[in-house]
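S.K.: sharing a model prediction with you, sequence too.
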Amino acid sequence: MAGETKTTAPAPPAKPSSTSTVAPPKAVLEITSPGVPNADKMSRGAPVRVNDDHDNGKFWPANPPAPHRELEPIFDFEHLEDTPNEDDLLEIKLDVKPAGQKGNVTLNVQSQDAADSIRLWPKKTKGKATDVITLTGNPPQTQFAANTLPKSIFVEGLKPGQVLFEVNFPGASVDRLKINVVKLRVQQTGRQKIIYLASEEVFFRVLGAGRNEVVGYTFEWDLDGDGRFEITSPMPGKDPNVVTTKYGGSPQLPPNAANTRKVFDVAVRLNGNFILHATDGLFTGGGAAGIRVALDSHQGTALPADNTAGLHTVPEFRWSDTFPIKFDSSSAPGFAQFKGADRILFDRAVTGDAAQTVFLGTGKRQAFGVAVGPRIFTSGQVREDLIATVNHEIKHLQQYVAVRDNTPAGNIWKLLDDHFSGANGYKPFREVEGHFSELLDTRVSWIHHTLEGQNEIKSFVDEWNKCLTILPSLPVPVKVEARKFLQDIYRKIPFFEMKRSQYTDAIRAPE
Ligand SMILES: [Zn+2]
């Protein structure tokens, strides 16, 4: 508005009986958050979640600044650009009445837990670094011209803790609003996990709900994702913001194969209206949200007979002389049994592993077939485990065939085999691809039901880390291709948390 208007405040309506010396009305100053009743704004305070990286979706491009690596996710609080999907900033409103007054309203930010718990934005989709509302002084503060109010600003929660906003304006009473930056943390055996085990207790805590984590909030919990908040009172001996459960016995689950891996949309409701979801279980590119649990339920489909004829009844094993291994005319003595449909065999002599790839020679990598041992049949596993295990071995057959035929020319397996002059030096590269295929197979449990509970995600991570150790020692061009191979797997990892260092079994991208 241009400044033609001379009056600074509207005069109160004249009453016939009023005297001629009416004082201007006292300014009334307000800081509020929509949806937070005035009675609650200091007693409990307005909750805002720690800004969740899942609505960011940005990854470091090539040559990122140290210590970041190409393809790794960019934390939301590091990402200073418009984020159109942002849905977790808290709106707060500043107002001074009557409107149009001269002077400045001062907003102080007093943080009880950490000075960097929040960041303030002029709009709810964040923006560039220069858009951040700068706070200076002690306590940190900023000012707004009173005649620009009412105004909304948006609070980004950076880490759990309590923050007190205070507004001042000459001639008006101070007003205050308390903010609790909260986060639902899920742990098992003291760690955040990508996949939780049904056999062990899972521990949930709302962080940042204030001093002593309480501040008068009520906490209601939905641990099985059915939309009902079944737990409404504190557990005996625990803080009100903490619950624990085991997914092995309760909630009860219908007995079907899909239950071998499951995602529970865990949520906690604060004060009857603010809902925090566990975000650990979001899959890259969408999918179910919640925590992933490997159900120790031994569910699945019955195994075929433990003999070669039994294996040949499984339609998922599509064996021929062109797939998956191609006909090898130079069949060596002792391997003649591996041909045609018989390229998959039951072999009671295979005792170390569940199944083995049968190949011969160095440099040439003659590939014959897969021998399945008795272990799958004697350890309580199911048909889904068998299929995932054989598919893992098929990956190895294809790797050997790629060496044998050099097709496509200059492929990663041929380069690695030539460099190491044999199969042993690059075994982690072969295994990382094998275990990854099992991790991606949604029909099989994340944990094979062997006696020791073979953990596929752990097997994958162990081999991945060995690959990262080998990678720097490789000469160009092997190194270039090996890095591309690992980057391709890294891109396909379906679990966002697997790329976050605070989780057990997280991995880093190749340097
Ligand atoms: Zn393997």
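M.R.: The structure has been received and is ready for your questions.

S.K.: chain center to the lengthiest strand in the chain, what's the gap?
M.R.: If you go by DSSP state E, the chain has its longest strand at strand 175-187. Distance, stretch centre to chain centre, for strand 175-187: 20 Å (C-alpha atoms, centre = their mean, to the nearest Å).

S.K.: what's the span of stretch 93-104 from first residue to last?
M.R.: Using C-alpha to C-alpha, to the nearest Å, the end-to-end distance of stretch 93-104 comes to 15 Å.

S.K.: who are the packing partners of the helix or strand that the longest strand of the chain is followed by?
M.R.: Past strand 175-187, further along toward the C-terminus, the next helix or strand under DSSP states H and E is strand 192-193. If you count contacts as 3 or more C-beta pairs under 8 Å, 6 or more residues apart in numbering; DSSP states H and E, strand 192-193 packs onto strand 175-187, strand 503-504. Placement of C-beta: from N, CA and C, glycine included.

S.K.: now do the longest one, average pLDDT.
M.R.: Right, the one you point to is strand 175-187. When pLDDT is averaged over strand 175-187, the result is 93.

S.K.: so which bits of that strand are buried?
M.R.: 175, 177, 178, 179, 180, 181, 182, 183, 184, 185, 186, 187 (16 or more other C-beta atoms under 10 Å).

S.K.: list the contacts for the first one?
M.R.: Applying C-beta atoms under 8 Å, 6 or more residues apart in numbering to residue 175 gives the contacts 29, 30, 31, 166, 167.

S.K.: tabulate these (TSV), appending pLDDT, distance to the ion and secondary structure.
M.R.: As requested, those are exported to TSV (pLDDT from 0 to 100; distance: C-beta to the ion, whole Å; DSSP: H, G, I helix; E, B strand; the rest coil):
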residue	pLDDT	distance to the ion	secondary structure
29	93	68	strand
30	94	65	strand
31	95	61	strand
166	95	62	strand
167	95	64	strand
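
S.K.: pop the domain breakdown of the chain in here.
M.R.: As assigned by automatic domain parsing, the chain contains the domains 28-181, 188-297, 308-499.

S.K.: to residue 511, which of those lies closest?
M.R.: domain 28-181 (6.0 Å; C-beta to C-beta).

S.K.: distance between the ends of that closest one?
M.R.: First-to-last residue span, domain 28-181, C-alpha to C-alpha: 28 Å.

S.K.: re earlier: what pairs with the longest strand of the chain, parallel or antiparallel?
M.R.: strand 46-49 (parallel), strand 161-168 (antiparallel), strand 202-207 (antiparallel) (DSSP bridges).

S.K.: near the ion, which residues of the chain are found?
M.R.: Proximity of the chain to the ion, by C-beta under 5 Å from the ion, involves residues 431, 434.

S.K.: what is the least confident helix or strand in the chain?
M.R.: Across the helices and strands of the chain, mean confidence by mean pLDDT, DSSP states H and E is lowest for strand 355-360: a mean of 66.

S.K.: which SSE is immediately downstream of that one?
M.R.: Next helix or strand after strand 355-360 toward the C-terminus (DSSP H and E): strand 366-372.

S.K.: mind listing the residues bridging to residue 345?
M.R.: For residue 345, the beta-bridge partners under DSSP bridges are residue 371.

S.K.: can you count the residues close to it?
M.R.: 18 (other C-beta atoms under 10 Å).

S.K.: list the contacts for it?
M.R.: Residue 345 neighbours (C-beta under 8 Å, 6+ apart): 308, 311, 337, 338, 369, 370, 371, 372.

S.K.: skipping adjacent residues, who's closest to the residue in the stretch 201-350 of the chain that the ion sits nearest to in space?
M.R.: Of all residues in the stretch 201-350 of the chain, the one sitting closest to the ion is residue 350 (13.1 Å; C-beta to the ion). Setting aside the residues directly before and after it, residue 350 is nearest to residue 373 in space (C-beta to C-beta, 6 or more residues apart in numbering), at 3.1 Å.

S.K.: shouldn't that neighbour be in contact with residue 355?
M.R.: Yes. Using C-beta atoms under 8 Å, residue 373 makes contact with residue 355 at a distance of 6.4 Å.

S.K.: neighbour count for the two, which is higher?
M.R.: More neighbours surround residue 355 than the other of residue 373 and residue 355, with 23 against 20 (other C-beta under 10 Å).

S.K.: hmm, residue 390 and that one touching each other?
M.R.: Yes. Checked against C-beta under 8 Å, the pair residue 355 and residue 390 is within contact range at 5.9 Å.

S.K.: do a quick rundown of the helices in the stretch 351-500 of the chain.
M.R.: Under the criterion DSSP state H, counting those that start in this stretch, helices of the stretch 351-500 of the chain are mapped to 375-378, 383-405, 412-420, 427-440, 456-470, 478-492.
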